[in-house]
Every structure is written in C-alpha cells, then in structure tokens.
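Student: okay, here's the prediction I keep looking at, along with the sequence it came from:
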Amino acid sequence: MPLIILDRDGVINQDSDDFIKSPAEWQPIDGSLEAIARLNYAGYRVVVITNQSGVARGLLDVETLTRIHNKMRRMLAQAGGKIEAILFCPHGPDDDCDCRKPKSGNFDSLAKRLRINLDGVPAIGDSLRDIQAAKAAGAKPILVRTGKGEKTLAAGIPDGVPVYDNLTEAVSALLEVE
Ligand SMILES: [Mg+2]
Ligand SMILES: [Zn+2]
C-alpha cells in the first residue's frame, strides 16, 4: 500500500503565527480533508508528521493536542478520510531533539515502525524544514503554497522540489501520474 506523509499546519489546516492551541483554532484549509479522502480512496496510507513546539513553550499540553487531533480525525472522517498515524515533536528549538524537523527522527521512526524505507515516498509540507527533513529521510519533498508556502518559496527552495497551490492540487497531480 502506498504511503504519503503530510505536514499538518499550513497543509491540512490554516496556520497561525500564534500557534494552534485549541480545537477551536484548528480550521481546515478548503479542500484539504477531501484531498486526504481521495488519497485514501486511491489506496494511500496517510501519516502526519508535525512540529508542535507550542507544547514545549507551554502554550498547550499534550492532552489538548490530542483533542485537536481528535477534531481533525472527526472532521476528516466526515469527509470520508482517515489518517493512519500522527507523529508529533513536542520539543522546542533549543531542546536538541532529533524529531523536530528539519531533523528526520519522526520519519525514521515511522520507517522503522512500518518496516519500510521511505525512498520516493511523497512528503508534503509548507516550510523549508519539511523539505529538509523529507530529504534527510530519503522521501520525496513537495511544497504547497498554503500556510508558510509562499514565504518559503520566496526565500528559495532546493532545485527539483515540485510546488503546488495547495493539497488539493498536489494530490491531483500525484494521482494523475499513476
Ligand atoms: Mg507547516
Ligand atoms: Zn522533538
């Protein structure tokens, strides 16, 4: 079964510079939940890998993060989609963990858990660190312009990384190629 890895903030839901701290602040980007459902329908397993430094910063606790993810899963289920796993990094930039993107720790644990390698597995994000983590794990980075995507693009990204307007367009391109 093919696998795809998604960043959360700015890819599935509206990003906020003030962090997403409550279920109410978690609002899907138009079309993103339907795009995930299309991936499922096409046989993809969908995994989310996300930095959530708001936890380390004391802005939300892990229980609240779980409630946010329950909302995401619930709304996604209503759209006919499903996320297989959510791997999050709760640490801050100074914690020197190996799971905060641009490091690939969460990608590597996923590969270990599923007993696969991530060569060529699409990984969609809106930030340079998503691209860097995907590359470090051997996955295939894809950038969307939603969230921080426009800024990321303006600052420059590595050659050869495909860019799409949003998750809907990225998924359409991916499924069309097959
Ligand atoms: Mg993001
Ligand atoms: Zn971490």
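Tutor: Looks like it arrived, so ask away. Ligands and ions are numbered 1, 2, ... in the order given.
Student: could I get the phi/psi values of Pro158?
Tutor: phi -60, psi 150 (degrees, to the nearest 10).
Student: typo on my end, Tyr164
Tutor: According to degrees, to the nearest 10, Tyr164 has phi -130, psi 160.
Student: low-confidence stretches in this protein?
Tutor: Within the chain, the stretches with pLDDT under 70 are 178.
Student: point me to the residue of the protein nearest ligand 1.
Tutor: Gly10 (3.6 Å; CB to the ion). Quick note: C-beta positions are derived from backbone N, CA and C, even for glycine.
Student: touching, that residue and Leu143? I think so.
Tutor: No. Counting by CB atoms under 8 Å, Gly10 sits too far from Leu143 to count as a contact (10.4 Å).
Student: shared neighbours of those two, anything?
Tutor: 125-126, 149 (CB atoms under 8 Å, 6 or more residues apart in numbering).
Student: report the buried members of those.
Tutor: Among the shared contacts of Gly10 and Leu143, those classed as buried by 16 or more other CB atoms under 10 Å are 125-126, 149.
Student: next step: those residues restricted to strands.
Tutor: Using DSSP state E, the subset of those located in strands is Gly125.
Student: columns distance to Ala35 on top of the buried ones among the shared contacts of Gly10 and Leu143, output as TSV?
Tutor: Shown next, in TSV, are those (distance: CB to CB, whole Å):
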residue	distance to Ala35
Gly125	14
Asp126	14
Gly149	15
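Student: is the helix ranked longest in the chain anywhere near ligand 2?
Tutor: Scanning the chain for the helix with the most residues, using DSSP state H, yields helix 62-78. No. Figure legend: helix 62-78 not in contact with ligand 2 (CB under 5 Å from the ion); closest approach 12.6 Å.
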